[in-house]
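> Need the 3D shape of this:
(2 chains)
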Amino acid sequence: MAFNGIETVLRQADQMAGTPHLPADLAERIHRADRRRRRITGSLAAAGLILAAGILYATASYVPGRFGSAPNPQPGHPLQKVGQPHWQDPLVQAQIDSLRRQVDQLRAQADLRTALLQEVIKLENQRQRIRTLERQANVQPDPLDELTRQVERAALVTLYQADRKYQELDLQDSAIADYRRLIELYPDTRWAQTARMRLATIDARQDPQTKGDLL
Amino acid sequence: MAASETMTAKGRSQRSAAEQDALLVARWVQGDGRVFDRIVSLHQRRIAQLAYRLLGWPDEVEDVVQEVFLKVLKNLPNYRGQSSLQTWMTVITVNVCRTWRRKRLLRLRRLKSLVSRLPEPPPATNTADGTINTDTFEQVRRAVQRLPGRYREVLVLRYLEQLPIAQIAEILHLARNNVDVRLNRARTLLRDHLADLIE
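As a prediction, this is how the structure comes out:
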């Protein structure tokens, strides 16, 4: 016998299929599955974090050559046919050297700034101590001390700008002019002494014929 | 007259169900955790039936139903009430069934090389009173399962769930015209597969 439409066939089949079986404690099962899923997700996240931390630690503590150099393949060995390892390629080597030089320069700049920062922090701590003591003693600050502080601060700003011009902006002439102005305007400050040292360093790096012209 | 009374009663019951759902969601938002159990008990039969139909009457739908309610549990805090809870859960069921079917197809493809070709089903014969017998049911089930998901969804929602076209369009995120087009194509495909059963 044939049916007279798709709808009829589908409904008949649906009736014959009946209703699906469901457990009585479906809600409880869902809660259990949810708790299990949360536990698994948490464990996976923790494992991922631990793995990432391990990779970071291994990367940070890696020292080239620590585990020995790559074995040199014997003639006739399959590795011999591949050619030189890529780290022995002159181009790669040149890039590595260039990167090393850049890293050294950056490290020197960072050291310089760190030293300057430490001096500033030290000075600021001293001032803070003095201010505290003054407050404790209920003593008004000496105008002369205040003036000295202002001079020191101005000298420090000039030195910082000159350092920046020399290190980062490659404005050597302008930087030298700033160092000189600093020595001229604030000769008795510690920053003037630093500026003299900078000029001496620059002078030493320059051509021997012009040595001594800067100071 | 009787039909209009039936429609009115159905509309009233749907309205009260929607109000009850809104109340349950409000209690859930206020932090009443027991509400979820109530939602499960209210909707599990309908969701199971829908999944059963969408997947072509498989042997087991418990896992799918559980997955649907897990998604409901996870996403209930994000439910904004733009559609009724029933429609929202229907959308989730459709999506879970799609994923489940995709996974099953991938598994079957992997096993395809190991499993010999299944024997062709025997020719369908029906009982004299026009009801369907086991072989015919198997044939219909195979035909429905062979339909692409996008066509099977509209067939099930329209003919078995008896939803209006507008609601199907909302559930499947389609324009009404597209639902009509899919329904026509689904009918044509199914008629081709079941040519010996349909006049």
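
> contacting residues around the residue nearest to the spatial centre of chain B?
For chain B, B:Leu50 is the residue whose C-alpha lies nearest the centre (Cα atoms, centre = their mean; 3.3 Å). Contacts for B:Leu50 (Cβ atoms under 8 Å, 6 or more residues apart in numbering or on different chains) come out as B:Thr90, B:Thr93, B:Val156, B:Glu161. (Each C-beta comes from the backbone N, C-alpha and C, glycine too.)

> possible to save these as a markdown table with distance to A:Gly18, secondary structure and pLDDT?
Output for those, formatted as a markdown table (distance: Cβ to Cβ, whole Å; DSSP: H, G, I helix; E, B strand; the rest coil; pLDDT from 0 to 100):
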| residue | distance to A:Gly18 | secondary structure | pLDDT |
| --- | --- | --- | --- |
| B:Thr90 | 21 | helix | 93 |
| B:Thr93 | 19 | helix | 94 |
| B:Val156 | 16 | helix | 91 |
| B:Glu161 | 16 | coil | 90 |
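
> Reduced to three states, what does A:Ser174 come out as?
Under DSSP: H, G, I helix; E, B strand; the rest coil, A:Ser174 falls in the helix class.

> Mind naming the longest helix for chain A?
Taking DSSP state H as the criterion, chain A has its longest helix at helix A:90-137.

> Does whichever helix or strand comes after that helix pack against any helices or strands, and if so which?
Helices and strands here follow DSSP states H and E; after helix A:90-137, the next one along the chain is helix A:143-167. When contacts are defined as 3 or more Cβ pairs under 8 Å, 6 or more residues apart in numbering or on different chains; DSSP states H and E, helix A:143-167 sits against helix A:90-137, helix A:172-185, helix A:190-205.

> got those helices as CSV, with distance to B:Arg80 columns?
Converted to CSV, the helices and strands packed on helix A:143-167 look like this (distance: least, Cβ to Cβ, whole Å):
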stretch, distance to B:Arg80
helix A:90-137, 51
helix A:172-185, 62
helix A:190-205, 63
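
> Export only the CA atoms of stretch B:135-144, formatted as PDB.
Provided in PDB are the C-alpha atoms of stretch B:135-144 (Å, rounded to 0.1, in the frame of the first residue of the first chain):
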ATOM      1  CA  ASP B 135      10.700  -2.900   7.200                       C
ATOM      2  CA  THR B 136       9.000   0.200   6.000                       C
ATOM      3  CA  PHE B 137       9.900   2.000   9.100                       C
ATOM      4  CA  GLU B 138      13.500   1.000   8.600                       C
ATOM      5  CA  GLN B 139      13.300   2.300   5.000                       C
ATOM      6  CA  VAL B 140      11.900   5.600   6.100                       C
ATOM      7  CA  ARG B 141      14.500   5.900   8.900                       C
ATOM      8  CA  ARG B 142      17.300   5.300   6.400                       C
ATOM      9  CA  ALA B 143      15.800   7.800   4.000                       C
ATOM     10  CA  VAL B 144      15.500  10.400   6.800                       C
END
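
> Over it, what's the mean pLDDT, rounded is fine.
Per-region confidence: stretch B:135-144 scores 86 on mean pLDDT.

> Show me what counts as buried in it.
Along stretch B:135-144, these residues count as buried under the neighbour rule (16 or more other Cβ atoms under 10 Å in any protein chain shown): B:Thr136, B:Phe137, B:Glu138, B:Gln139, B:Val140, B:Arg141, B:Ala143, B:Val144.

> Let's see which of those end up in helices.
Mapping the buried residues of stretch B:135-144 onto helices (DSSP H) picks out B:Thr136, B:Phe137, B:Glu138, B:Gln139, B:Val140, B:Arg141, B:Ala143, B:Val144.

> Which helix or which strand is home to residue 50?
Went with chain A since none was named. In this assignment (DSSP H and E), A:Ile50 forms part of helix A:26-60.

> Wait, chain B was what I had in mind.
Using DSSP H and E, B:Leu50 maps to helix B:35-54.

> Now tell me what touches the helix or strand following that helix from outside.
The helix or strand immediately downstream of helix B:35-54 is helix B:62-75, counting by DSSP H and E. For helix B:62-75, contacts defined as Cβ under 8 Å, 6+ apart pick out A:20-23, A:26-27, A:29-30, A:33-34, A:37, B:36, B:39-40, B:44, B:47-48, B:51, B:55, B:89, B:92-93, B:96-97, B:100.

> the domain parsing of chain B - what is it?
Domain assignment for chain B, taken from automatic domain parsing, gives B:15-115, B:118-199.

> gap between the shortest one and the chain center?
Spelled out, it's domain B:118-199. The gap between where domain B:118-199 is centred and where its chain is centred comes out at 12 Å by Cα atoms, centre = their mean, to the nearest Å.

> Out of the helices and strands packed on helix A:143-167, which gets nearest to chain B?
Among the helices and strands packed on helix A:143-167, helix A:90-137 comes nearest to chain B, with 43.2 Å by Cβ to the nearest Cβ.

> helices or strands up against that closest one?
If you count contacts as 3+ Cβ pairs under 8 Å, 6+ apart, helix A:90-137 packs onto helix A:143-167.

> Go through the helix it packs on and flag the buried ones.
Using 16+ other Cβ under 10 Å as the test for burial, helix A:143-167 gives A:Glu152, A:Ala155, A:Leu156, A:Thr158, A:Leu159, A:Ala162, A:Asp163, A:Lys165, A:Tyr166.

> quick one on the thing from earlier: can you give me how far the longest helix of chain A is from the chain middle?
Chain-centre distance of helix A:90-137: 14 Å, with Cα atoms, centre = their mean.

> what stretches of the chain score poorly on pLDDT?
No chain in the question, so chain A it is. A:1-4, A:61-88, A:138-141, A:207-215 (pLDDT under 70).

> um, chain B though
Applying pLDDT under 70 to chain B flags the ranges B:1-16, B:112-132, B:199.

> thinking again about what came up before, can I get the helices and strands packed on helix A:143-167 in JSON lines with mean neighbour count?
Below are the helices and strands packed on helix A:143-167 laid out as JSON lines (neighbours: other Cβ atoms under 10 Å in any protein chain shown):
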{"stretch": "helix A:90-137", "mean neighbour count": "11"}
{"stretch": "helix A:172-185", "mean neighbour count": "17"}
{"stretch": "helix A:190-205", "mean neighbour count": "16"}
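
> and the ones in helices among the buried residues of stretch B:135-144 near chain A, which?
Residues of these in contact with chain A (Cβ under 8 Å from any Cβ of the partner chain): B:Thr136, B:Phe137, B:Val140, B:Arg141, B:Val144.

> Pull the most distant pair out of those residues.
Maximum pairwise distance in those, criterion Cβ to Cβ, is 12.4 Å, between B:Thr136 and B:Val144.
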